[in-house]
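Chemist: coordinates for the following, if possible.
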Amino acid sequence: MENRKSNFSEWYNEIIDLAGLSDKRYPVKGMNVWLPYGLKIMQHIDTIIRRAVDSRGMQEVSFPLLITRDQLSVEFEHVAGFENEVFWVTRGGKQPLEVEMALRPTSEAAMYSMFPLWIRSHSDLPLRIYQIVNVYRYETKHTRSFIRIREIHFFEAHTAHRDYEDAERQMREYIDIWNEITDALCLPYRIDRRPDWDKFPGAMYTLAFDTVMPGGRTLQIGTIHQYGENFSRNYGIVYDDERGEHHYVSQTTFGMSERLLAAVIGIHGDDQGLILPPDIAPVQFIVVPIPSDRVDTLSFARDVASRASALGYRVRVDDRDNYTPGYKYNDWEMRGVPVRIEIGEREVSEGKVTLALRSIRGRRSFPLGEMQENLRKALADVKEEIMRRAREHFLSMTVELNDMKEARGKSGLVSTFWCGSKDCADALEREAELQVLGTVENEKKRGRCVVCGQDGLLTTVGRPY
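Modeler: Below you'll find the predicted structure:
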């Protein structure tokens, strides 16, 4: 396996293949096959997302895949943002369609065609829905599994509110939701307010959640958008207040994709392979019996697995008889299983359980009757160590830029000051290949723009995927 630090790109591609996460050999470029292990991880991520939004009263929906050209054309800014990325369906069999249709690049056009049918009165608000679906974008850049692809596993929440203030409350709640999700995934991040030319088409403003991968490139892993009345005016989404007066709704959205999985792979992994946070590991405990002529380690291993499963954990016994215990240890370490349970002669004879934690050196043993507390603590310790390492990585990849002479060759999540002008942003990209990601949200630090020397705000720049 490639060294993660010295050749992250090759390591990333190799671990996806070795761990059986996805197969990019499908004949359509940028549309990969989800393999069982990778799909199960993503499904656990989806479960975390659903739990976070469902607990706050959002409702899940499922909209059709196809959007008519007329639907897309209602919002010119929206079409302008995606027109070069849209896959068009123009025929049914051999017959040209009377109306061209698009595979959804995102779902504003689809959903907001229905909102006027659902929203008539103030009592219908707020409307807060979400879906987890595939979206399609004709990505022309170099594709990379889970990071830049053409068929995207996508979560999108869409809300409608009676006024801007209530929509702003929703934006703040999104950040609470995001904190809950990233805590489970052990992912540190920074919130950046995208510059106007890089915000979502049609949005008043966009906040992006940025992290940084071991290779030094930044990765946007989520966004929230404040639309105000920009979409409701185009789609005619109007409600009557208590006095019968008509008002346009204010709207927001929240989006994230399988880039969350990409971040987990890159940030937590090591030279042995994946390291999965316990909440998303398809197998939380792998039980490996060590063959013996004296005692029945396999039966004991199955009993241990049964007890652990009864406690609510995801457990598997590796009973393959054509592989050595050492091979099994390495195989499951590569797949990122948080905890290995080893069952040998000593464990059977003494009625004990021995654990080896993926992210912590050493082993720990305890009596079979004390499994509940020890298994819980083992997963908690693994998660704590994963988060500690992730934060350490995040800090080590966060650097400062105070002078344009130092700009070329900078990588990571780069902090500097920027005056807000497009000319200075273009100069940074032209002279240092650093892209302005946005001003750091909730930071009011000011300083001299690294390009022109004028007054500027604390800003994140980097080399995004």
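
Chemist: Three-state assignment for the residue of the chain most remote from its centre, please.
Modeler: Distance from the centre of the chain peaks at R294, with 48.4 Å (CA atoms, centre = their mean). Following DSSP: H, G, I helix; E, B strand; the rest coil, R294 is assigned to coil.

Chemist: how near is it to I48?
Modeler: 44 Å (CB to CB, to the nearest Å). Just so you know, the C-beta spots here come from the backbone N, C-alpha and C atoms, and that holds for glycine as well.

Chemist: likewise for E60?
Modeler: To I48, E60 is 14 Å away according to CB to CB.

Chemist: ditto for E245
Modeler: For E245 relative to I48 (CB to CB), the value is 41 Å.

Chemist: between those two, which one's more packed in?
Modeler: I48 (19 against 9; other CB atoms under 10 Å).

Chemist: mind listing what that one touches?
Modeler: I48 makes contact with 180-181, 184-185, 279-280, according to CB atoms under 8 Å, 6 or more residues apart in numbering.

Chemist: what's the longest helix in this structure?
Modeler: When the chain is parsed with DSSP state H, its longest helix is helix 371-396.

Chemist: same for it, what does it pack against?
Modeler: If contacts are counted by 3 or more CB pairs under 8 Å, 6 or more residues apart in numbering; DSSP states H and E, helix 371-396 sits against strand 205-212, helix 259-268, helix 297-310, strand 339-343, strand 352-357, strand 363-367.

Chemist: try 10 Å
Modeler: If you count contacts as 3 or more CB pairs under 10 Å, 6 or more residues apart in numbering; DSSP states H and E, helix 371-396 packs onto helix 164-185, strand 205-212, helix 259-268, strand 285-289, helix 297-310, strand 339-343, strand 352-357, strand 363-367.

Chemist: would you convert the ones you listed into a markdown table that also reports mean pLDDT?
Modeler: Listed next are those as a markdown table, based on pLDDT from 0 to 100:
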| stretch | mean pLDDT |
| --- | --- |
| helix 164-185 | 98 |
| strand 205-212 | 98 |
| helix 259-268 | 98 |
| strand 285-289 | 98 |
| helix 297-310 | 98 |
| strand 339-343 | 98 |
| strand 352-357 | 98 |
| strand 363-367 | 96 |
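
Chemist: tell me which of those sits nearest to I16.
Modeler: helix 259-268 (7.1 Å; CB to CB).

Chemist: could you tell me how far the closest one lies from the centre of the chain?
Modeler: 8 Å (CA atoms, centre = their mean, to the nearest Å).

Chemist: same deal with stretch 84-97?
Modeler: With CA atoms, centre = their mean, you get 31 Å for stretch 84-97.

Chemist: give me the domain ranges for the chain.
Modeler: 8-268, 283-380, 400-462 (automatic domain parsing).

Chemist: out of these, which gets nearest to A390?
Modeler: Across the domains of the chain, A390 has its closest neighbour in domain 8-268 (5.2 Å, CB to CB).

Chemist: neighbours around the spatially closest residue to L187 that is not a sequence neighbour, how many?
Modeler: Nearest residue to L187, sequence neighbours excluded (CB to CB, 6 or more residues apart in numbering): A263, at 5.5 Å. For A263, the tally of surrounding residues (other CB under 10 Å) stands at 27.

Chemist: go on, I280?
Modeler: 24.

Chemist: report the mean confidence score over stretch 132-143.
Modeler: Mean pLDDT, computed over stretch 132-143, is 90.

Chemist: list the buried ones in that stretch?
Modeler: Within stretch 132-143, the residues scored as buried using 16 or more other CB atoms under 10 Å are 132-133, 135-137, 139.

Chemist: ok, now stretch 96-113?
Modeler: For stretch 96-113, burial by neighbour count (16+ other CB under 10 Å) applies to 100-113.

Chemist: do the same with stretch 435-449
Modeler: Within stretch 435-449, the residues that qualify as buried are 435-441, 449, counting by 16+ other CB under 10 Å.

Chemist: any idea where the helices of the chain begin and end?
Modeler: Under DSSP H, the chain gives helices at 8-18, 36-54, 69-73, 76-82, 108-118, 164-185, 230-235, 259-268, 297-310, 325-334, 345-350, 371-396, 422-432.

Chemist: pick the most buried one from those helices.
Modeler: Of all the helices of the chain, helix 259-268 has the most neighbours on average by mean count of other CB atoms under 10 Å, namely a mean of 24.

Chemist: mind checking how far the closest residue to V99 other than its chain neighbours is from T90?
Modeler: Distance criterion CB to CB, 6+ apart; nearest residue to V99, sequence neighbours excluded, is T68 at 5.1 Å. For T68, the distance to T90 equals 12 Å [CB to CB].
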